[in-house]
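In: What follows is a predicted protein model with its sequence.
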Amino acid sequence: KEVLVAQVLSGLNAPITGLVTVLNGTIKGLVVALNAIAEKQSAAQA
């Protein structure tokens, strides 16, 4: 029984890890884009 539970949990862990990785990449990309916009506006005002 414990082996079955471990197999189910490890099977769920992989998709969750993949989702977290994708979300992390998306958020990082958004931060980079916002930072670039802020720098561009700052340079335009200077």
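Out: It's in.
In: CA only for contacts and neighbour counts going forward, please
Out: Will do.
In: what's the distance between the residue positioned nearest the centre of the chain and A46?
Out: Geometric centre of the chain, nearest residue: N24, 1.1 Å, by CA atoms, centre = their mean. Applying CA to CA, to the nearest Å, the value for N24 to A46 is 33 Å.
In: what's the answer for L23, then?
Out: In this view, L23 and A46 are 35 Å apart by CA to CA.
In: Looking at the two, which has the bigger crowd around it?
Out: L23 (12 against 5; other CA atoms under 10 Å).
In: Does that one lie in a helix or a strand, and which?
Out: Applying DSSP states H and E as the criterion places L23 in helix 2-45.
In: Off-centre distance for that helix?
Out: Offset of helix 2-45 from its chain centre (CA atoms, centre = their mean, to the nearest Å): 0 Å.
In: same question for that helix, mean pLDDT?
Out: The predicted model gives helix 2-45 an average pLDDT of 91.
In: How many residues are close by L9?
Out: Applying other CA under 10 Å, we find 11 residues neighbouring L9.
In: Make 8 the starting number, not 1.
Out: OK, 8 is where the count begins now, so the last one is L16.
In: any idea how far it is from V10?
Out: Distance from L16 to V10, by CA to CA: 10 Å.
In: do A53 as well
Out: 64 Å.
In: Buried ones in stretch 21-30, by neighbour count?
Out: Buried residues in stretch 21-30, counted by 16 or more other CA atoms under 10 Å: none are found.
In: which other residues reach that stretch?
Out: By CA atoms under 8 Å, 6 or more residues apart in numbering, no residue outside stretch 21-30 reaches it.
In: Could you export it as PDB, CA atoms only?
Out: These are the backbone C-alpha positions of stretch 21-30, laid out as PDB (Å, rounded to 0.1, in the frame of the first residue of the first chain):
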ATOM      1  CA  ALA A  21       6.300  15.700 -12.000                       C
ATOM      2  CA  PRO A  22       3.400  17.700 -13.600                       C
ATOM      3  CA  ILE A  23       3.300  20.100 -10.600                       C
ATOM      4  CA  THR A  24       7.100  20.700 -10.900                       C
ATOM      5  CA  GLY A  25       6.700  21.400 -14.600                       C
ATOM      6  CA  LEU A  26       3.900  23.900 -14.000                       C
ATOM      7  CA  VAL A  27       5.900  25.700 -11.400                       C
ATOM      8  CA  THR A  28       8.800  25.900 -13.800                       C
ATOM      9  CA  VAL A  29       6.600  27.300 -16.600                       C
ATOM     10  CA  LEU A  30       5.000  29.900 -14.300                       C
END
